[in-house]
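>>> Next comes the sequence, and after it the predicted model I'd like to discuss.
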There are 4 protein chains.
Amino acid sequence: MPEKPSRLTSRLESLRPETPVAASQGAKPKAAKARGTRTQSAREVRSAARKEAILTAALEEFSASGFAAARLEDVAKRAGVAKGTIYLYFDDKEALFQELARSMLSPVVGHIETFATTDVPFRMLADNIVDVMVREVLTTRRKDIIRLIISEGTRFPALAEFYHREVLSRVIAALRVVLQRAVDRGELRHKALIEFPQLLGAPLLVAVIWNSVFGTFSPLDARAMLKAHIDILLDRGGA
Amino acid sequence: MPEKPSRLTSRLESLRPETPVAASQGAKPKAAKARGTRTQSAREVRSAARKEAILTAALEEFSASGFAAARLEDVAKRAGVAKGTIYLYFDDKEALFQELARSMLSPVVGHIETFATTDVPFRMLADNIVDVMVREVLTTRRKDIIRLIISEGTRFPALAEFYHREVLSRVIAALRVVLQRAVDRGELRHKALIEFPQLLGAPLLVAVIWNSVFGTFSPLDARAMLKAHIDILLDRGGA
Amino acid sequence: MPEKPSRLTSRLESLRPETPVAASQGAKPKAAKARGTRTQSAREVRSAARKEAILTAALEEFSASGFAAARLEDVAKRAGVAKGTIYLYFDDKEALFQELARSMLSPVVGHIETFATTDVPFRMLADNIVDVMVREVLTTRRKDIIRLIISEGTRFPALAEFYHREVLSRVIAALRVVLQRAVDRGELRHKALIEFPQLLGAPLLVAVIWNSVFGTFSPLDARAMLKAHIDILLDRGGA
Amino acid sequence: MPEKPSRLTSRLESLRPETPVAASQGAKPKAAKARGTRTQSAREVRSAARKEAILTAALEEFSASGFAAARLEDVAKRAGVAKGTIYLYFDDKEALFQELARSMLSPVVGHIETFATTDVPFRMLADNIVDVMVREVLTTRRKDIIRLIISEGTRFPALAEFYHREVLSRVIAALRVVLQRAVDRGELRHKALIEFPQLLGAPLLVAVIWNSVFGTFSPLDARAMLKAHIDILLDRGGA
DNA sequence: AATGAATGAGCGTTCATTCAT
DNA sequence: TATGAATGAACGCTCATTCAT
């Protein structure tokens, strides 16, 4: 069913833009003049592209090596710029890291609440969530951001708070609405989920971590597992 | 109920020794010749204590800073030895890290299979597992090892494999036995769990990560969540 | 007496133009073709103004930070031009520095010899010198040039030689004439001054350095000190 | 006369030790345990020697290039140590610089007041001061320290204050005593010197600066100039 | 065995200089 | 002519590792 993009799916998918997009569009090095919506000059376009290239490269390097071990020179090389160029766009290594995380998260932020406002049967919603998670998280670089936050969150409290405030707490609030409604409608029996919506997301976390840490020698069928989880919660497939 | 250590509990708890124990017995610096089982000389005892002190210190530093950012000098200081002393017991930083992880995991390994051989009602077993996890993982440094493996696993494939082979795959196998039996006995309806025992452990992972990353400003009642999860799986507390 | 600008004073003061004046007239960026004396086009005027702005800014930055630590970007910012523009007028940082020093010194050069040709009583001349030094050196940016030459002279032998040749040796020669005449006339007893006219200027150096280094927390009344010095040389104010 | 070291001379010369001596003798890297006067271990001796070697090398490099342009690697090379070794003894480049200045000044500090307590005819004292200045300042590295303070004082206010407080203000106070006594005894006519003892020292400053900046191509006979200055103040050699 | 001073490769960051626009 | 983004050599500083004591 999720194969044929329903209206719901497409709405849920609107968190799409996977490539890191700086909050400020016309990424003028260091001084991003947000001058409304205007046609960008060639230079502005090039600048924005460069910033994105750096962010993309940074994501790859940070994912592969972690914050401390990642070398800015490698980021530069991968982005096809000189070492110094990074500093035209970011104050320092830490700022690059934090902006990276934020820029990957920001597009998500705006679309989270849609969950709650979408009025569809819970099982359909659940199926779709699984689908979106697989397509938008597990098979994209967003899973790497999640891992980075797990790995470095303790060392970057500001980032952890940002992620918690802008993403997790909203997701949880939205899920609570959805779950409450499902319970009210008799679509879901487990009221405990309302208190701990984390239980709904837990398998996603397992999938992300498992496949990144053990995936090479023991891959896990994330989609199947997520579906199984939903089935359990909905008493489906039990026989 | 778990308050009064039942026979089961105590067996499960026997994975106790939380302090890192060197895999090699006598811990002769560098050339650990395990010369049969012999009463250790005073020097050997002192040496083993030193190694343990270093491992304990290393765990704390690695947990706090991650592998790359942790400073061996800080480890030494915390362990009360000189920087050079570390190299009498470990080849290099990486070896220290790997031995640390292994030494923390090893005691666990031996006791995992007990799960499968313990023949108790599933719901009792499940409750006990929750209890043990909280006491032996979430409130001890073992949670830090889990986080370290999540954070550094990609950079240390050997460690990831070790952990997968010696811990996870065994735990999963044991859980499968237990879960199969529970299904067979009609104690559990969700056969899907047999295919994905990870779903049983997922909330533990969430608890570990959540409290370490967001715990300071948004603590999560891990025990309550784990219990809620069990209740859901067992259809308890629902109605 | 020096209060009412006598003819002497005004002549001494003619070393006035404090703003740096480019040695090259029309200041055509880089290729300063001095095309005879012609009315400068609007563009040439603007160009000359720009060069001056850069020199003024450079003086401030070099004075504040020294040659090595001064940042060309700051010079540009202060001059209100882009970084690259500096290179339209100067070959590199060092050339900017040397031209700066030369341009500040050049106007002085032309007027030094006037000392010798002015035929006034020594004590009047001496008083005026004090006055001019205070007004034209100590309270202007020329003191900064002196400090810069002291600080950087060793690293810029060409500059040191230039300063010595074009300024110091001339001043000294002129002073010798003046001093000799004063001795001959019986206005001055200390023949040794003729050999070491530096002794006449020494207090000026002290004033410049003292006030720039210790001035903030222990200011020195330069004028009073210079006057005291003259009084000593002239045996005034003693009894 | 100054040729035959009189008692006075030797007293004045007691500011001798020219090689930089760290305030704390047994220069244990970073943690200088000042444990009274004790025989230093071989290691302590070697450590102190190293610190001195670094300071000496630093003086040379800083003198030659100025603070900003001096390269720590060159300091290390000159001192015969590795780059990192410097950081065992000094926190950073700035600390090295400040400690250098202080260590060169400290031995001076203790001996300044002797001027005032020495009760000899002023002209003898003056001659001796000239002599000591030439031997202990102009022909040693102390002149470099003076130049460094002139050059970098503005950028290192703490150093400027230290120098002013510990050296200059004391010298000036001591000179005032001496000068006052000379005036009282009728040995000196110029009372103005009491207000501005700087006038006594001004030629020394000129000599230091002149010879370091123009010395190569136009050396100045500092001793002769200083003597001439004294002669002027004392009305000697006039007729 | 234990120490900790010493090393030097390595990395983050700066900034003079260049050059496409 | 003027700009300022881009470059990359250079340098301060760190820290894993070694080794004389």
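Here it is on my side, so go on.

>>> Can you list the buried residues in the longest helix along chain A?
Ranked by number of residues, the top helix in chain A under DSSP state H is helix A:42-69. Buried residues in helix A:42-69, counted by 16 or more other Cβ atoms under 10 Å in any protein chain shown: A:44, A:47-48, A:50-63, A:66-67. C-beta coordinates here come from the backbone N, C-alpha and C atoms, glycine included.

>>> repeat for stretch A:104-114
Using 16+ other Cβ under 10 Å as the burial criterion, the residues of stretch A:104-114 that qualify are A:104, A:105, A:106, A:107, A:108, A:109, A:112.

>>> Next, the residues that contact stretch A:60-78 from outside, please.
Identification of contacts with stretch A:60-78 by Cβ atoms under 8 Å, 6 or more residues apart in numbering or on different chains yields A:54, A:57-58, A:82-83, A:85-86, A:93, A:96-97, A:100, A:141, A:144, A:147-148, A:151-152, A:155-156, B:65-69, B:151-152, B:154-155.

>>> Helices - which of these land there?
A:54, A:57-58, A:83, A:85-86, A:93, A:96-97, A:100, A:144, A:147-148, A:151-152, B:65-69, B:151-152.

>>> Stretch A:70-89 near DNA strand F anywhere?
Yes - using Cβ under 7 Å from any atom of the strand, stretch A:70-89 reaches DNA strand F at A:81, A:82, A:83, A:84, A:85, A:87, A:88, A:89.

>>> Also near chain D: which of the buried residues of stretch A:104-114, exactly?
Among the buried residues of stretch A:104-114, no residue sits close to chain D (Cβ under 8 Å from any Cβ of the partner chain).

>>> List just the nearest of the residues you listed to chain B.
Nearest to chain B, judged by Cβ to the nearest Cβ, of the buried residues of stretch A:104-114 is residue A:105 at 14.2 Å.

>>> Tell me which helix or strand the closest one sits in.
Element membership for residue A:105 (DSSP states H and E) is helix A:93-112.

>>> still on that earlier bit, make CSV out of the residues of stretch A:70-89 next to DNA strand F and add neighbour count.
Formatted as CSV, the residues of stretch A:70-89 next to DNA strand F follow (neighbours: other Cβ atoms under 10 Å in any protein chain shown):
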residue, neighbour count
A:81, 18
A:82, 12
A:83, 13
A:84, 8
A:85, 17
A:87, 17
A:88, 16
A:89, 25
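
>>> Work out which residue lies at the spatial centre of chain A.
Geometric centre of chain A, nearest residue: residue A:142, 4.4 Å, by Cα atoms, centre = their mean.

>>> Out of the residues of stretch A:70-89 next to DNA strand F, flag the one nearest to residue B:120.
Checking these against residue B:120 with Cβ to Cβ, the nearest one is residue A:89 at 60.0 Å.

>>> Hmm, the closest one is touching residue A:49, no?
No - applying Cβ atoms under 8 Å as the test, residue A:89 and residue A:49 come out as separate, 11.3 Å apart.

>>> Residue of chain A closest to chain D, please.
residue A:92 (18.3 Å).

>>> how much space is there between that residue and residue A:148?
Separation of residue A:92 from residue A:148 (Cβ to Cβ, to the nearest Å): 17 Å.

>>> Just say helix, strand or coil for residue A:186.
Following DSSP: H, G, I helix; E, B strand; the rest coil, residue A:186 is assigned to coil.

>>> how many neighbours does it have?
Residues lying near residue A:186 (other Cβ atoms under 10 Å in any protein chain shown) number 8.

>>> how near is it to residue A:234?
Residue A:186 is 12 Å from residue A:234, by Cβ to Cβ.

>>> Residue A:92 too?
48 Å.

>>> Over to residue A:101?
34 Å.

>>> The two: who's more crowded?
Set side by side, residue A:101 and residue A:234 show more neighbours around residue A:101, with 26 against 18, by other Cβ under 10 Å.

>>> what's near enough to touch that one?
Contacts for residue A:101 were tallied using Cβ under 8 Å, 6+ apart; they are A:145, A:148, A:149, A:159, A:162, A:163.

>>> May I ask which helix or strand encompasses residue A:199?
Here residue A:199 is assigned to helix A:198-213, by DSSP H and E.

>>> The next helix or strand after that helix packs against which elements?
Using DSSP H and E, the helix or strand that follows helix A:198-213 towards the C-terminus is helix A:222-233. For helix A:222-233, the packing partners by 3 or more Cβ pairs under 8 Å, 6 or more residues apart in numbering or on different chains; DSSP states H and E come out as helix A:122-133, helix A:198-213, helix B:192-195, helix B:198-213, helix B:222-233.

>>> For the third one, buried residues please.
I take that to be helix B:192-195. Of all the residues in helix B:192-195, those buried under the rule 16+ other Cβ under 10 Å are B:192, B:193, B:194.

>>> Done for today, thanks.
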